[in-house]
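*Asks:* Coordinates only, no sequence provided:
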């Protein structure tokens, strides 16, 4: 087994054979590399972004980022936002007597958290028992408890969390990062998406769209099982010698064509893209082969565990991608809306819903943090966990009734970050006594995005792309870096 | 930092009244008003009004009108007439605090020049006399914004091509404009392209498909002096012309056949709009009528029960069904305003290349579009709702008897919303156009509660009015872009301040005038363009010319273009002898659907003749785009795509090498070669080259090809051809 974390690209015999048996034509590619047909450039040559005012605009604290997105709406009052008053008012109406505008229009009685909150670690950060493993990593977390969104409708809210806009058609943060920063390697895409194995979120690929940015900045979905990338290998087996000869013939034909069209950068770039494709064909199966990791690592991420295996694989794959130079990995926890619930949209029964989802996610994400930390990667990697909005402190039930579920809450909710450039073990901002509204240091998605870009060395006002009359930004015309959470 | 005591509102009013009295009592008033109009108003417009305007006055200070100046702002009185030093306005400006940092576009200086400062000081010292009425910040262009006198808003110049002095007898007026600029830059055009290159170029350009070997042969050997004209006319008359050019239009109007957002439900009856565009283009429907039908066909052609199909334009975009069904009325109102912004945006950009939607929350920062203009425009479209309309069944119409089209509803009154906030209602507005564009027609003369139908009719009339200079300019620029790879204005959806400037302004106007002279015929315009020597130039590289004009803006050659995603797939089908040329009707669906509350689409490589239609007929799903087309830069169908990006990525290489569709077609291609060329290896590879590259194989290529085929088979050879640059690029 080759070393699992030194970025080695050398395939040993076992890998080699497994690849050939998968019909990938590795022999052909090795033949090409052996011939020097693919040139002698560094195998990890970085690819630049496309921005015309290229970052870094300021010192980058983080080189890469991973965003774990919880579809449906994580209840902040049950996880990271400890509101003691909420427990005291359990079963009572809102003290203010108001009926806030909520998605399903039902304002039931206040409900105490269904999980016990405790102070954790040296920092004493409050985290509930919903996430026991994550709680053990509390000293690494930077919790923002005063997030606000502009809508409590899932998809526009999700779009806004990812693009800054409520509408379809805008580039997501990952695409902006790919556009601005390019990739640390030319063997893997800059922006990788790993959907939940239970299905893609509502809106499907719109959630990783490049919008109006060039198509190369679209998120590339990599699966944590089965063929990792679409079209990575020929759809039907091709003999190794044929593959090698085909690549060679193509190279000769293109060289000949280029000679008649001297000076064409586009043709040259296309020839080079085939060389990069060959490298990707070698790199991706290697990175996606989780069997290369030790059993201790598997255990750390919860591989093999009934609830944790799926998300554990996704988290472990993410770490492997990040350490090989991928700029931005986005993991989705949760698929489609509706019944049965397969995301965090706990309208009916919080204990059943959030209990089920947290059991899938808690250990893998804690494992990821611990693993990044022990490898020193957390020093220059940013970990982000968010939902599109939070949940109401009162239940979704007819007035004067105490239900078991909670409705969407755009007025106040929590996210957390970890890693590079942050003050750790702190909570920033605050909601009101019951956790309904952000009241202290409210943070918008624009502020959130500005901060992430800032940590990655980007001035959010300078990463722009001209589209339809305006130099568009991830942060629209808003956004203030949240200075209070920066180290 | 200056700190000024807040003065009470009453005190401010006294100062204000005083100021007005001073102004009124002044004997030199006419001279001073003249000074204000000539010197001061432009200065205020340039430096101050972006923030201190009526629609959203920063710091409460509105400097567009005398009353605003007199009233002052949150920090107190702005001016002490006659005493510059005591005037807050002067203090802030002279200290350099105003205008603030970060408010100037690149290239524009922030601070006032010494001369401007002197003017301001002098004006205040002389009593700060205001001129007549409020300053119209949108009237004049400056180095920081476009006004009503912006280049694209001026009337189309009636130019005679003969006024361009070019020595050579240009065959086509277009060439005289192009040559004039080339010669001025010390450049020359390239020689004409070869016949073989020309037919491949023209075929892809006009019908989106490669020419057959027989067609290439015939054209290359046609000795007639009008061989090329005949080819142009034949291709323009082909029904495939409409398919090719409809694709461009559908990019701009972001047509798709699903709702988008959370549910993304299929719109099973949206395809008739796509067919309508194809047929309208094939029949060379006058462009003004083409627009009128899309904006208000249901109203203007009441006796034509199929006229409603064209209004699919108004509902081509995404629609947030969940947002409309939520409980909260307040949130629903926001969703509706978002929807209108999208609709106003795409309508104004498509027809006028004007970014009207940028004025939803405040006056446009760069173009002469006021916030009121935005809401007038929104009122004109305020009755547009998504839905299905009953239609007769029959050829070209859905069997269901319904099409996805506008289902108009009489709108509520439209208010200007301060900062775009639905809770902050300002004045009620009447439906109308943008005042800076064909001003006389932009006033619809409608009441705020005018019937829905009249609103869209008036909107269509204003957009297609002869005195509206944008409509024709915008469309000829689009055509030019698709023919040459770049528009004369390189931002086809934006002719405003942030957009590009025309590389050949006279040519743009000549083309626009020509379009209208020819009764808005698009085909005649295509014809003029492709018959030009400019279009017929070779695509060869010229290092010397590239040093002067690397981007080929001056058109010293015909830029080679990479096949677009749909062109590539269609060409692969055609070359393999597999293209199903069935036109129109419901699209093919290369996905499995499943519903889990929301609709999901699992795209797969569907085999069979039914799926081998042109890519235009792929049922276009917002959340279920085709990976093969996506990777080749097919745009996101939720966003208007006035130009397509052309990227080169390893994922494209992987798709072309490995995708099951590509491999299957390589097999079909090889079967075709065997069927048509027999077992003769030499004949097989020669036909392969003719089909894929529209040229015979050359002697030095032959041995390499034959050796490869004998060792690895014909299908492997065909796979290589599909990946070759010569296949992907059109010269």
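*Replies:* Looks like it came in fine. Values in this document were obtained by computation on a predicted structure and should not be read as measured data.

*Asks:* distance of the residue nearest the centre of chain A from residue A:227?
*Replies:* What sits nearest the mean C-alpha location of chain A, by CA atoms, centre = their mean, is residue A:330, with 2.0 Å. From residue A:330 across to residue A:227, the span is 19 Å (CB to CB, to the nearest Å). Every C-beta, even on glycine, is put in place using the N, C-alpha and C of the backbone.

*Asks:* got it, and residue A:301?
*Replies:* Per CB to CB, residue A:301 is found 22 Å from residue A:227.

*Asks:* between these two, which one's more packed in?
*Replies:* More crowded of residue A:301 and residue A:227, by other CB atoms under 10 Å in any protein chain shown: residue A:301, with 29 against 16.

*Asks:* Pull the contacting residues for the residue nearest to residue A:262 when sequence neighbours are not counted.
*Replies:* Spatial nearest neighbour of residue A:262, excluding adjacent residues (CB to CB, 6 or more residues apart in numbering or on different chains): residue B:541 at 5.8 Å. Taking CB atoms under 8 Å, 6 or more residues apart in numbering or on different chains, we find residue B:541 in contact with A:261, A:262, A:263, A:264, B:557.

*Asks:* nearest spatial neighbour of whichever residue of the stretch 351-487 of chain A sits closest to chain B, skipping sequence neighbours?
*Replies:* When scored by CB to the nearest CB, the stretch 351-487 of chain A has residue A:469 as its residue closest to chain B, at 3.0 Å. Nearest non-adjacent residue to residue A:469, counting by CB to CB, 6+ apart: residue B:355, 3.0 Å away.

*Asks:* Cross-check the contact I'm expecting between the one you found and residue A:470.
*Replies:* Yes. Counting by CB atoms under 8 Å, residue A:470 is a contact partner of residue B:355 at 6.9 Å.

*Asks:* intersection of neighbour lists for those two?
*Replies:* With CB under 8 Å, 6+ apart, residue B:355 and residue A:470 have common neighbours residue B:498.

*Asks:* And the two? Which one has more around it.
*Replies:* A count of neighbours by other CB under 10 Å puts residue B:355 above the other of residue B:355 and residue A:470, at 27 against 20.

*Asks:* for chain B, what are the low-confidence residue spans?
*Replies:* Residues of chain B meeting the criterion pLDDT under 70: B:1-27, B:102-109, B:160-171, B:597.

*Asks:* need the longest helix for it.
*Replies:* helix B:329-352 (DSSP state H).

*Asks:* list the buried ones in that one?
*Replies:* Going by neighbour count (16 or more other CB atoms under 10 Å in any protein chain shown), the buried part of helix B:329-352 is B:331-332, B:334-352.

*Asks:* which of the residues you listed are close to chain A?
*Replies:* When contact is defined as CB under 8 Å from any CB of the partner chain, the buried residues of helix B:329-352 meet chain A at B:331, B:334, B:335, B:338, B:342, B:345, B:349.

*Asks:* The last one is in contact with residue B:491, isn't it?
*Replies:* No. Residue B:349 lies out of contact with residue B:491 (CB under 8 Å); the separation is 10.0 Å.

*Asks:* Need the residues touching each of these two.
*Replies:* Going by CB under 8 Å, 6+ apart, residues that sit against residue B:349 and also against residue B:491 are A:469, B:642.

*Asks:* Enumerate every residue touching residue 407.
*Replies:* Went with chain A since none was named. A:102, A:103, A:104, A:106, A:152, A:347, A:391, A:392, A:396.

*Asks:* my bad, chain B
*Replies:* B:385, B:386, B:387, B:388, B:389.

*Asks:* phi, psi of the second one?
*Replies:* In this case it means residue B:386. With angles defined as degrees, to the nearest 10, residue B:386 sits at phi -80, psi 150.

*Asks:* returning to that earlier point: just name the closest of the contacts of residue B:407 to residue B:673, please.
*Replies:* Among those, residue B:388 lies closest to residue B:673 (CB to CB), at 47.4 Å.

*Asks:* Can you check my assumption that that closest one lies in a strand?
*Replies:* Yes. Assignment of residue B:388 by DSSP: H, G, I helix; E, B strand; the rest coil places it within a strand.

*Asks:* which non-adjacent residue is nearest it?
*Replies:* Per CB to CB, 6+ apart, closest to residue B:388 is residue B:402, 4.1 Å.

*Asks:* Count the neighbours of the one you found for me.
*Replies:* Neighbour count for residue B:402, taken as other CB under 10 Å: 18.

*Asks:* Distance of residue B:703 relative to residue A:248?
*Replies:* Distance from residue B:703 to residue A:248, counting by CB to CB: 15 Å.

*Asks:* Compare those two (neighbour count), which wins?
*Replies:* residue A:248 (18 against 10).

*Asks:* And what about that one, helix, strand or coil?
*Replies:* Assigned by three-state DSSP, the conformation of residue A:248 is helix.

*Asks:* picking that back up, give me the element the residue nearest to residue A:262 is part of.
*Replies:* With secondary structure defined by DSSP states H and E, residue B:541 is part of neither a helix nor a strand.

*Asks:* Can you tell me how far it is from residue A:69?
*Replies:* Residue B:541 is 46 Å from residue A:69, where distance means CB to CB.

*Asks:* what packs against the helix or strand containing residue B:375?
*Replies:* Secondary structure assignment for residue B:375, by DSSP H and E: helix B:371-380. Helix B:371-380 is packed against helix B:329-352, strand B:414-417, strand B:425-429, helix B:452-464, with contacts defined by 3 or more CB pairs under 8 Å, 6 or more residues apart in numbering or on different chains; DSSP states H and E.

*Asks:* list the contacts for the residue nearest to residue A:469?
*Replies:* Residue B:355 touches A:468-470, B:345, B:348-349, B:364, B:367, B:369, B:493-494, B:496, B:498, counting by CB under 8 Å, 6+ apart.

*Asks:* which one of those residues sits closest to residue A:283?
*Replies:* For those, the nearest to residue A:283 is residue A:468 (36.7 Å; CB to CB).

*Asks:* residues contacting the closest one?
*Replies:* Each residue near residue A:468 by CB under 8 Å, 6+ apart is listed here: A:212, B:345, B:349, B:355, B:493, B:494, B:640, B:642.

*Asks:* measure the residue most central in space within chain B to residue A:97 for me?
*Replies:* Nearest to the geometric centre of chain B sits residue B:493, at 2.8 Å (CA atoms, centre = their mean). Distance, residue B:493 to residue A:97, using CB to CB: 50 Å.

*Asks:* What is the neighbour count of residue 357?
*Replies:* No chain was given, so I picked chain A. Residue A:357: 25 neighbours (other CB under 10 Å).

*Asks:* Oops, wrong one, chain B.
*Replies:* Each residue near residue B:357 was counted by other CB under 10 Å, and the total is 24.

*Asks:* Likewise for the one 5 residues further on?
*Replies:* Using other CB under 10 Å, residue B:362 is surrounded by 19 other residues.

*Asks:* which residues touch the residue nearest to it when sequence neighbours are not counted?
*Replies:* For residue B:362, ignoring the flanking residues on the chain, the nearest one in space by CB to CB, 6+ apart is residue B:56 at 4.6 Å. By CB under 8 Å, 6+ apart, the residues touching residue B:56 are B:361, B:362, B:363, B:371, B:418, B:419.

*Asks:* Got a quick PyMOL command for the buried subset of those?
*Replies:* In PyMOL, a selection of the buried entries from the contacts of residue B:56 looks like this (16+ other CB under 10 Å):
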select buried, chain B and resi 361+362+363+371
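
*Asks:* now, which of the contacts of residue B:56 sits nearest chain A?
*Replies:* For those, the nearest to chain A is residue B:361 (9.1 Å; CB to the nearest CB).

*Asks:* What separation is there between that closest one and residue B:421?
*Replies:* Distance of residue B:361 to residue B:421, computed by CB to CB: 8 Å.

*Asks:* Can you list phi and psi of residue B:528 for me?
*Replies:* phi -60, psi -40.

*Asks:* Would you confirm that it contacts residue B:175?
*Replies:* No. In this structure, residue B:528 is not within contact of residue B:175 by CB under 8 Å, at 10.5 Å.

*Asks:* Good, wrapping up.
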